[in-house]
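**Q** From the sequence below, what's the structure:
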Amino acid sequence: MGHTGIKGFFRAAAGILSYPQDPRSFAQVFGSLTSAHYTRGRITHVRRETPDTVTLFFTAGEGWIPHRAGQWARIGVEVDGKRIWRPYSISAPEHGDPSITVKAQGLVSEHIVERAAPGNVLYLERPEGQFLLPDTPTELLFMVAGSGITPVMSMLRTLMPRRPDHDVVLVYVSRSRESCIFHDEILELADQFPGLRPVFWFTEERGRLDASDADALAELCPDHADRVTYASGPDSFVSAVEDLSRSHGGPPVVERFDVTRQFSGGQRGEVWFTRSEMTLEVGPDETVLEAAERAQHQLPHGCRMGICHSCLVPLTDGAVTNIRTGELHREPGPVQTCVTRPAPHAAFDA
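**A** You can find the predicted model right below:
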């Protein structure tokens, strides 16, 4: 009997002995990485990348699947006794031990940067996302700003050793050398693989880079229109790259790290969750999801940026406004709660 067959035999035997309970429920007593309901991971090492950024290396229990370069996963962290989930890009190469690189810019990320330590337990959902490397070799341009480097670093760590002569240009915008995540490792990769050409743009020295300016980009990458472009970073930066690509080259592959919100005019709203019989006031700068979380009312969610559609909840009455586009939606049916707010009243089947 092979190794896989032996594992299957003991798993079946454990199921018989523990019936009607899931054998993983008993295994929780002995191993904190096994659960009948979710995957857990344990931090093995914490590496500081910049003063406000760390990389967490972790092992994952049963249920985790190997990630593809560029994907993200929802990570759950215990903060003041409450488990909070946030999406983080996986910065490790494919086929390696997983890691996430986190910049302090919110409740959960600040907790991770300040307090994460080896031995801490993480709660994990499976990797997902379509920000992926092309299937066939092609000349690439990565346009990156800030912490948008994290999924791209997974790609570079995967791609360059696999195709050492691959032609890749990385334009990386950050505030300063000190805040530039992976700066030294990127230079080391470029020394090892001549096909990688990094171009760093530090805004404290050179001012803001207008990613929609074809002339400015041509100085950094003269053949940018002939390359497949990937853009990763803040919404405004990614949108600027998309604007340029409409007239120069094909549409880019994009990954947004935040949402640029339309001004609400200071208007508050109100939501009614029919199943839980809960009424909530939604602040002028809040989404339905954020208001629910503030009230500790759990709603499904994933990327929190209107991309993955994990946050769909049925709208049964009223109307909502999309915070990115300002579009008004009145039709009953599934609504993305992470990018909508009531206009001014809305009811949900939740």
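**Q** how about low-confidence regions in the stretch 201-350 of the chain?
**A** Low-confidence segments of the stretch 201-350 of the chain (pLDDT under 70): none present.
**Q** how much space is there between the nearest residue to residue 243 once chain neighbours are set aside and residue 228?
**A** Once flanking residues are discounted, residue 243 sits nearest to residue 212: 4.4 Å by CB to CB, 6 or more residues apart in numbering. Every residue, glycine included, has its C-beta placed from N, CA and C. Computed as CB to CB, to the nearest Å, the residue 212 to residue 228 distance reads 18 Å.
**Q** Check residue 214 too.
**A** 17 Å.
**Q** Could you do residue 143 as well?
**A** 11 Å.
**Q** for residue 183, same thing?
**A** Distance from residue 183 to residue 228, by CB to CB: 24 Å.
**Q** do residue 257 as well
**A** For residue 257, the distance to residue 228 - CB to CB - is 20 Å.
**Q** which of these two has more neighbours?
**A** Per other CB atoms under 10 Å, whichever of residue 257 and residue 228 has more neighbours is residue 257, with 22 against 16.
**Q** Next up, phi/psi of residue 299, please.
**A** Per-residue torsions, residue 299: phi -120, psi 150 (degrees, to the nearest 10).
**Q** What is the burial count for it?
**A** 18.
**Q** so how many other residues sit close to the closest residue to it other than its chain neighbours?
**A** Spatially, and ignoring its direct neighbours in sequence, residue 299 is nearest to residue 292 (4.8 Å; CB to CB, 6+ apart). A count of nearby residues for residue 292, using other CB under 10 Å, gives 24.
**Q** is it fair to say residue 292 lies in a helix?
**A** Yes: judged by DSSP: H, G, I helix; E, B strand; the rest coil, residue 292 forms part of a helix.
**Q** mind listing what it touches?
**A** 271, 273, 280, 298, 299, 337, 350 (CB atoms under 8 Å, 6 or more residues apart in numbering).
**Q** Of the residues you listed, which belong to helices?
**A** If you go by DSSP state H, those have nothing in helices.
**Q** Buried ones among those residues?
**A** Among the contacts of residue 292, those classed as buried by 16 or more other CB atoms under 10 Å are 271, 273, 280, 299, 337, 350.
**Q** TSV for those residues, including distance to residue 232?
**A** Putting the buried ones among the contacts of residue 292 into TSV (distance: CB to CB, whole Å) gives the following:
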residue	distance to residue 232
271	32
273	35
280	33
299	27
337	25
350	32
